[in-house]
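Novice: Please work out how this folds:
(2 chains)
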2 protein chains.
Amino acid sequence: MENLVKYVWIVFCASIVALGFAFFFYRRMLKEDEGTPTMREIAAHVRKGAMAYLKQQYKVVTIVFVVLAVLFLIMSIFHLQNGVVWFAFLTGGFFSGLAGFLGMKTATYASARTANGARQSLNKGLQVAFRSGAVMGLTVVGLALLDVSAWFLILNGTGLLELVGEHATLTTITTTMLTFGMGASTQALFARVGGGIYTKAADVGADLVGKTEYNIPEDDPRNPATIADNVGDNVGDVAGMGADLYESYAGSILSTMALGAAAFATISAEMQMKSILAPMMIAAVGVILSVIGIFIVRTKEEASMTELLKALSRGTNTAAVLIAVATFGIMYVLFKDSADIVWWQVSLSVVVGLLAGVIIGKSTEYYTSQSFKPTQKVAESSQTGPATVIISGIGLGMISTVIPVLTIGVAIILAFLCANGFQIEFNAVNLSKGLYGIGIAAVGMLSTLGITLATDAYGPIADNAGGNAEMSGLDPEVRKRTDALDALGNTTAATGKGFAIGSAALTALALLASYVEEIKMALERIGTSVLDLGDGRMVDTANASLIDFMEYYNVSLMNPKVLVGVFIGSMMAFLFCGLTMNAVGRAAQKMVEEVRRQFQEIKGILTGEGTPDYARCVAISTKGAQHEMLLPSILAILAPIVTGLILGVAGVLGLLVGGLGAGFVLAIFMANAGGAWDNAKKFVEEGNFGGKGSDNHKATVVGDTVGDPFKDTSGPSLNILIKLMSMVSIVMAGLTVAIHLL
Amino acid sequence: MENLVKYVWIVFCASIVALGFAFFFYRRMLKEDEGTPTMREIAAHVRKGAMAYLKQQYKVVTIVFVVLAVLFLIMSIFHLQNGVVWFAFLTGGFFSGLAGFLGMKTATYASARTANGARQSLNKGLQVAFRSGAVMGLTVVGLALLDVSAWFLILNGTGLLELVGEHATLTTITTTMLTFGMGASTQALFARVGGGIYTKAADVGADLVGKTEYNIPEDDPRNPATIADNVGDNVGDVAGMGADLYESYAGSILSTMALGAAAFATISAEMQMKSILAPMMIAAVGVILSVIGIFIVRTKEEASMTELLKALSRGTNTAAVLIAVATFGIMYVLFKDSADIVWWQVSLSVVVGLLAGVIIGKSTEYYTSQSFKPTQKVAESSQTGPATVIISGIGLGMISTVIPVLTIGVAIILAFLCANGFQIEFNAVNLSKGLYGIGIAAVGMLSTLGITLATDAYGPIADNAGGNAEMSGLDPEVRKRTDALDALGNTTAATGKGFAIGSAALTALALLASYVEEIKMALERIGTSVLDLGDGRMVDTANASLIDFMEYYNVSLMNPKVLVGVFIGSMMAFLFCGLTMNAVGRAAQKMVEEVRRQFQEIKGILTGEGTPDYARCVAISTKGAQHEMLLPSILAILAPIVTGLILGVAGVLGLLVGGLGAGFVLAIFMANAGGAWDNAKKFVEEGNFGGKGSDNHKATVVGDTVGDPFKDTSGPSLNILIKLMSMVSIVMAGLTVAIHLL
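Specialist: Below you'll find the model as predicted:
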């Protein structure tokens, strides 16, 4: 056992390496020139607004965290939860927030520098933006691995769990660690929802008045909402995404660890330890490979767009191929002598995860890029006005759910079968191993997050650089270059989205199983040591299998509690989207009124003689986002708790499955419809169907505006909602077990 | 036993009474004057177009039915299904189609007569339209009860089942009868999808060119798509709805009969028979009460709108209250001496169903009527353009799912508990009785369909009457009156929709349980007489409970096959909507092109000197609908078959639950968003936010156009999709049991 713990130290070191490289790239970016005084000034404005927002957001979130931590403390007093959870929960939230904060700080320093780089050449712009994105990518994976490895070393080595009256078994350690996943998820939800509302309120508000009513271009300094719009890109697309992917990454590793500990609990502590190590090791090696991938991304000075795209793809593809190869190595080292798991089979589960991510990404690209038929058809439908643009976009989005769902379906079955040695027979052992396979497929999918997130995060940086170039009145050539970088980012981001959405589904499944493990702990904690299965069989709680728990709680599809749970879960996905959509609508409306007021009241604003009141728009977005993010987020936390108190464990599992089924599909629908509308507009702007300024163009602008909250607020938040509801259920398992009405 | 069969004859007689009154109302309507020669001519045009469409549709559907019937015949040869099914399936489809056909025939004769009635007075118009709607209502319930009672008498009394080698037990009889539910569902899906595409292609096409581009009013005879639009109301809103509700009504009765037979199979044939009689008797009494309710709907000659609404509500409310009271009587007669079911408790299940329908209806009204805040807010958002109208409508629709879902959730639990004597303990007996309670709640909800459907069907008749009045150049006062009737219809229709959607969810749940019963039959048929439950227990298939089957097939939420099924089911709901949305979009686009062409090429068309080519538009809608309805409908039939062949029983159950969860919520969302957009437009037209012709009005027209396929094509089709997938699974159970990959 002791010689296995050294591997955790390797993981710990890998996290330090990631953070070190993040710091290295950050310093290098800071050394770049920030450009003209105007460029610096604008960047400073955006930075100030973004920081002010984040400060405000963290205030609100802190209150929520304190309330929840106190609740967990009280639960631990009543033996409904262990005494480490309240603190572990806080660290998860803290690191998740920190990842978002650092990423955003980098992004706000990088935008002017990227614009300045683009003054030299396209390649220079790419380098600055991409390396800055890499800071975010490496910070996220570094902090996550740090949190995971450090907590494991603490709980395994220091006797802290014994101190709060628990046995420090690997099962206890891993299920306890899951609860800091809830901290990360809570932070991520607030960041995504708050940031998403902020950025889209500003964006929609700026567009509706500026573009549509006054016909001034995007990012025009005469538009009072411009700064708010650029702040929004940072708080939504950077800080929000950072917290989001921190949560996905940490969640997939943590749940796989818990499933591994559970699957081999009856076999040996060594097998448990090895199966806990596997996801950590894959992640650790993935970090190193990501750094290598980041360094590979370079191209000659006068590179064309295609060459740039190739350079980026080379980086991500190299990392992905290498991690696939490395996985076989890791698994060989860990499991070569094992009779319970075959090293190359479980490696195939990881590969399945990676491949599924790639396929979903490609399908996203196919459905949302203007290079392909579907989005072109949406653009074509603009000939009959905005209504048909909306209808065809919604149609496209709904149909686009087929490939991802079938891919995930096949991936679930394959990952399951690969990990348990292709055993179709349904028994406790095959099930546990198979679920572990599903978890580790998610880890595989996210293993190269360090670099894929870099390609994701560099998009908004390039976008902001464009804003900066526009407002600073730089040569139009610079704007063209930043636009090219931005477009490039959209393509690579599609793949990133595929990984995010696919891993969310797999991780949520893994969490479902982890929930049942947590129920086991909770039952033992309140002293239920024997389960009466109702068919005459009595089973010791400690030895009960997942299947026994399904029987004990009657979690079958004939149980009305399960079915009602499924209904409520499906409804939650829609309610959550509806609330966030309306939140954006309301906040945008306030922004529209303010921008209209300024255009009317501030003299000379349109000629450039009067100065718009940027700060007021920033304040409106900030206030709107803070105000509107609370209800949906708190509902997401309450839903599983209330369902548990009324319908018990069976109802909660129904809720999670219903939320997962409907939420996953709804998320793909919204993301792809939004993406297609965005690019259909761009397709028209490129000169098709009448081009910029035509009625057709206006019709596609309507689509794009509707798509904004689809793809940047409601859609991505759903991924977190699904997992947060699972995490809340896991942490609250003790309460559900002890108290339920039906 | 024999003395119980006489009750079935009562049901049979009730069906004859319903059909008799339908014929009586039909004859009375025909005696009304059809008005001026122009009015007659226009009505004849619409009638001709509608009949031509239906003829074409039935041709296509007949091919599908023949293929499926042959498949069932082949299955019966291989003992995968019994030998009556192929024929029972055909009768279900035939009667469902007949109900739609007769309803539509009535409607096309009634529209000019209603317009002519409205020339006299509002009340006269109401009488003609409502009584014609009643023809549809009574035809639907009459034919459904006829089919149900006749088949029961045949299968129970003639030895037909023995002839094909089956034991004519009540269980076999009721599960066999379920398969004619599949006939009804298949017919209903084609009618809803085909009719829905037809009507919205014509409507959207007519509006986009006529209203938006040429600024001519709705139903203007200069618009070439006007006749097609009016034909559409008949084939979509009348024939489609008729087939749809025939399916709901028959489905709820059939599945409850099957659950009753299953629940009391081990107790006594008498209890089985009584529990089979209960849903039939409630339906039969409901028919008679509906007729009474229809006669109550009358008002004084110079009635105001409020008085008219009161008159309609009085009819439906009286019928609902009386059926609630009568239920206690029926249950008392059947179960007063029973030790296994308490008459007043199971009556409460019925009342729960009725109440749930009312609550869902009220919530629909609240979210979609312009008298309330939500729709007014959508109208208000038109001040910032069409994009915010779409965003707020989608937000409203999503949020509006909360009340219906929670209502159905509570109703499921209450109906379940009432029927099993408030037993929370989960065992086979309590479960079977509880599920029977859920089924009978659905029957209760639909028991007064005779009259609620009358209030539903009269809406499109009034709508068509308005079109006729407009095209015939009648006094604008007449159009005002028909508009008032139409608006009245929208309010009462909201309640009807609540019943349709709520009953779909409850019936689908009942079908889920029926599916498991069918699996039992299928296993026995292929000779699997003992089930190995895997935990050491062996159970005789004949005596196995629902819970045993859940264990045998591992239908728990930990089984990846179940989870993949849930994903696919959720996806199916979205895919189906996406396909139908796009179908409307494409068909509408063709219509737009044709209308534009006619406006450009036919000289004097706008001045009224040239005659538009109506027939060509009718042909385009017909062809478009026929062409487009095939793919989504066939996918709906194939999905459960393919899932069964790959994932087996557990996967199919997952598919059904996923489809039910996501589909139910999606259906409410689409229906309510569409309704709200429609009425937000009307609210602006009433003079709010700038009134007719303003930019705000145009923005709401965009919303209305998007809402058309939401509320009249995709949304209502989903209700059928959910049940059709269950029905297909039931009929194909034999195949799934015999052949599956995993």
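Novice: OK, contacts around whichever residue of the stretch 51-200 of chain A sits closest to chain B?
Specialist: Nearest residue of the stretch 51-200 of chain A to chain B (Cβ to the nearest Cβ) works out as A:Lys200 at 9.6 Å. Glycine gets a C-beta too; all of them are placed from N, C-alpha and C. When contacts are counted by Cβ atoms under 8 Å, 6 or more residues apart in numbering or on different chains, A:Lys200 touches A:232, A:236, A:584, A:587-588, A:708-709, A:712-713.
Novice: per-residue confidence averaged over the helix or strand hosting it?
Specialist: Element membership for A:Lys200 (DSSP states H and E) is helix A:170-206. Mean pLDDT, helix A:170-206: 90.
Novice: Looking at the helix or strand following that helix now, give me its mean pLDDT.
Specialist: For helix A:170-206, the succeeding helix or strand toward the C-terminus, using DSSP H and E, is helix A:214. Helix A:214 carries an average pLDDT of 84.
Novice: Run the chain-centre distance for helix A:214.
Specialist: 36 Å (Cα atoms, centre = their mean, to the nearest Å).
Novice: What lies in contact with the worst-scoring helix or strand of chain A on mean pLDDT?
Specialist: When each helix and strand of chain A is scored by mean pLDDT, DSSP states H and E, helix A:160-163 comes last, with a mean of 81. With Cβ under 8 Å, 6+ apart as the contact definition, helix A:160-163 has outside contacts at A:82-84, A:154-155, A:167-168, A:172-173, A:176.
Novice: So among the residues you listed, which ones count as buried?
Specialist: A:82-84, A:154-155, A:168, A:172-173, A:176 (16 or more other Cβ atoms under 10 Å in any protein chain shown).
Novice: Would you mind naming what in the stretch 201-350 of chain A lies close to chain B?
Specialist: Along the stretch 201-350 of chain A, the residues adjacent to chain B under the rule Cβ under 8 Å from any Cβ of the partner chain are A:204, A:208, A:212.
Novice: By neighbours, which of those wins?
Specialist: A:Val204 (29 neighbours; other Cβ atoms under 10 Å in any protein chain shown).
Novice: Contact partners for that one?
Specialist: A:584, A:588, A:591-592, A:705, A:708-709, B:387-388.
Novice: And the residues you listed, which is closest to A:Ala442?
Specialist: A:Ala442 lies nearest to A:Pro709 out of the contacts of A:Val204, by Cβ to Cβ, at 27.3 Å.
Novice: I'd like the average pLDDT over the helix or strand containing the closest one.
Specialist: Counting by DSSP H and E, the element that carries A:Pro709 is helix A:695-709. Regarding helix A:695-709, the rounded mean pLDDT is 93.
Novice: Using PDB, write down the CA coordinates of that helix.
Specialist: The C-alpha trace of helix A:695-709 is given here as PDB (Å, rounded to 0.1, in the frame of the first residue of the first chain):
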ATOM      1  CA  ASP A 695     -33.500  42.300 -44.600                       C
ATOM      2  CA  ASN A 696     -32.200  38.700 -44.600                       C
ATOM      3  CA  HIS A 697     -29.300  39.900 -42.400                       C
ATOM      4  CA  LYS A 698     -31.700  41.500 -40.000                       C
ATOM      5  CA  ALA A 699     -33.700  38.300 -39.800                       C
ATOM      6  CA  THR A 700     -30.500  36.400 -38.900                       C
ATOM      7  CA  VAL A 701     -29.700  39.000 -36.300                       C
ATOM      8  CA  VAL A 702     -32.900  38.100 -34.600                       C
ATOM      9  CA  GLY A 703     -31.900  34.500 -34.600                       C
ATOM     10  CA  ASP A 704     -28.500  35.300 -33.200                       C
ATOM     11  CA  THR A 705     -30.000  37.400 -30.400                       C
ATOM     12  CA  VAL A 706     -32.300  34.600 -29.400                       C
ATOM     13  CA  GLY A 707     -29.400  32.200 -29.600                       C
ATOM     14  CA  ASP A 708     -27.200  34.200 -27.200                       C
ATOM     15  CA  PRO A 709     -28.900  33.100 -24.000                       C
END
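Novice: And the next helix or strand past that helix?
Specialist: Following helix A:695-709 toward the C-terminus (DSSP H and E): helix A:715-731.
Novice: for that next one, packing partners?
Specialist: In this structure, helix A:715-731 makes packing contacts with helix A:170-206, helix A:241-263, helix A:476-525, helix A:560-601, helix A:614-685, judged by 3 or more Cβ pairs under 8 Å, 6 or more residues apart in numbering or on different chains; DSSP states H and E.
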